[in-house]
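J.: sequence unknown, structure follows:
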């Protein structure tokens, strides 16, 4: 049976499922309830100079019957005093000594960073997460993503923290940047012990067409906010893999972004993470989702003959290549299972209007027919088909050997590529 215990950058936890720094980790009451439910760790809602939050704070992007495909928030860091937070954090750690308790922090000056770190270490936290990612409110004050977008500043502030911290330091990276590896390498140069990503994406999720006001509305006005939830998972997976695969990056990664199920968590591990953090799914469904996360991951590891979550780390990321390294001679074509087909003909419409006109209708049946000589193997028909495994993509042997773009006759730079 798999052992879900993890040691992330020197921080022990009973499992890799941590709560991200957000409203679900705002109070000791909440974090203790989360630990009772089974969460392995929690990153406390970001500490700093207490601020005043607005009302309302959240907006959502809906897609068909999914009410929160993506969540936008304009809430800032803690609106409670440092003393109140520290007292509650101390109680949590005393009551749950084997769970990971991480202090998320955001300060302005070196002296404030030093004071915050020492105060948190005095009450027994297991590590720190530096919030270099918040894309709204705090960045306008020179903090949050304003730091994460400036590698020199991120490196310098990480160094400030490492001057006094005796516990592991995690740097939380902003996705609102052209190249995530630049930010990750800056954190590494500053002495970080790990990174976490992604923080929220700068966004406006929708407009109220009656009032013509962006959501969420604050007395008829609004502001850009941070986007999270299932819709951001593809972006997060890509950024995690980019860092994991960078030849000069060597820190462990805590994956964040749209994790709702054990399958989501497994994908982040496979893309290079060693632990994961969850926020929006808990805000939507509550702490008890951790039951399914734990049982699902445990069963998956058993099925794969693996012992620990980190046995998965990076397996899929190592299969990513630059486009020009892919085999141009590899070919798949679509195949329709007539027994499973419900005759909706959506595959025909999608291919005819949006792809390669490789599917034909037949006079005697509602089941479309693949024009195998025309099919380019784009996958669109299998993606739009509403029936699982009705349309599959079947490899077709070519017998020509592997051929990548640098060697392809159509490449105008083929000779130069061959020389190099």
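T.: Yes, it's here. Everything numeric here is computed off the predicted structure, so don't read it as measured data.
J.: Enumerate the beta-bridge partners assigned to residue 362.
T.: When assigned by DSSP bridges, residue 362 has beta-bridge partners residue 365.
J.: doesn't residue 369 make contact with it?
T.: Yes. Using Cβ atoms under 8 Å, residue 362 is in contact with residue 369, at 5.4 Å. Backbone N, C-alpha and C define where each C-beta goes, glycine included.
J.: With neighbour numbers in mind, choose between those two.
T.: The neighbour comparison of residue 362 against residue 369 (other Cβ atoms under 10 Å) goes to residue 369, with 14 against 9.
J.: Helix, strand, or coil at the residue nearest to that one when sequence neighbours are not counted?
T.: With Cβ to Cβ, 6 or more residues apart in numbering as the criterion, residue 369 has its nearest non-adjacent residue at 4.9 Å, and that residue is residue 360. Three-state call for residue 360 (DSSP: H, G, I helix; E, B strand; the rest coil): strand.
J.: Run a quick neighbour tally on residue 360.
T.: Residue 360 has 13 neighbouring residues, counting by other Cβ under 10 Å.
J.: What distance do you get for it to residue 125?
T.: Counting by Cβ to Cβ, to the nearest Å, the separation of residue 360 from residue 125 is 64 Å.
J.: again, but for residue 190
T.: 20 Å.
J.: so which strand or helix has residue 276?
T.: strand 275-278 (DSSP states H and E).
J.: counting contacts, what elements does that strand pack onto?
T.: Under the contact definition 3 or more Cβ pairs under 8 Å, 6 or more residues apart in numbering; DSSP states H and E, strand 275-278 sits against strand 17-19, strand 253-256, helix 262-270.
J.: 7 Å instead?
T.: Applying 3 or more Cβ pairs under 7 Å, 6 or more residues apart in numbering; DSSP states H and E, one finds that strand 275-278 contacts strand 17-19, strand 253-256.
J.: Contacts for that strand, please.
T.: With contacts defined as Cβ atoms under 7 Å, 6 or more residues apart in numbering, strand 275-278 is touched by 6, 8, 16-20, 43, 196, 254-256, 259, 265, 268.
J.: quick one: contacts for the most centrally placed residue in the chain?
T.: The residue lying closest to the centre of the chain (Cα atoms, centre = their mean) is residue 257, at 2.7 Å. By Cβ under 7 Å, 6+ apart, the residues touching residue 257 are 198, 228, 232, 233, 235, 236.
J.: For the stretch 201-350 of the chain, just list every one of the helices.
T.: 233-245, 262-270, 280-285, 289-303, 346-354 (DSSP state H, counting those that start in this stretch).
J.: May I see the buried residues of the shortest one?
T.: Within helix 280-285, the residues scored as buried using 16 or more other Cβ atoms under 10 Å are 280, 281, 282, 283.
J.: Of the helices and strands packed on strand 275-278, which stretch is the most buried?
T.: Among the helices and strands packed on strand 275-278, strand 253-256 has the highest mean neighbour count (mean count of other Cβ atoms under 10 Å), at a mean of 30.
J.: Which strands or helices does that one pack on?
T.: Short answer (3+ Cβ pairs under 7 Å, 6+ apart): strand 253-256 packs on strand 194-197, helix 233-245, strand 275-278.
J.: okay, the ones you listed in CSV with mean neighbour count, mean pLDDT and distance to residue 350 next?
T.: Compiled in CSV, those are given as follows (neighbours: other Cβ atoms under 10 Å; pLDDT from 0 to 100; distance: least, Cβ to Cβ, whole Å):
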stretch, mean neighbour count, mean pLDDT, distance to residue 350
strand 194-197, 27, 98, 34
helix 233-245, 21, 98, 20
strand 275-278, 28, 98, 34
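J.: Closest to residue 287 out of the contacts of residue 257?
T.: Nearest to residue 287 among the contacts of residue 257, counting by Cβ to Cβ, is residue 228 at 17.3 Å.
J.: what about residue 109, neighbour count?
T.: 10.
J.: what about the residue nearest to residue 302 when sequence neighbours are not counted, helix or strand, and which?
T.: Spatial nearest neighbour of residue 302, excluding adjacent residues (Cβ to Cβ, 6+ apart): residue 2 at 5.6 Å. Here residue 2 sits in a region with no helix or strand, counting by DSSP H and E.
J.: Also the one 10 residues further on?
T.: For residue 12, the enclosing helix or strand under DSSP H and E is strand 11-13.
J.: I figured residue 371 hits residue 360, correct?
T.: Yes. Counting by Cβ atoms under 7 Å, residue 371 touches residue 360, with 5.7 Å between them.
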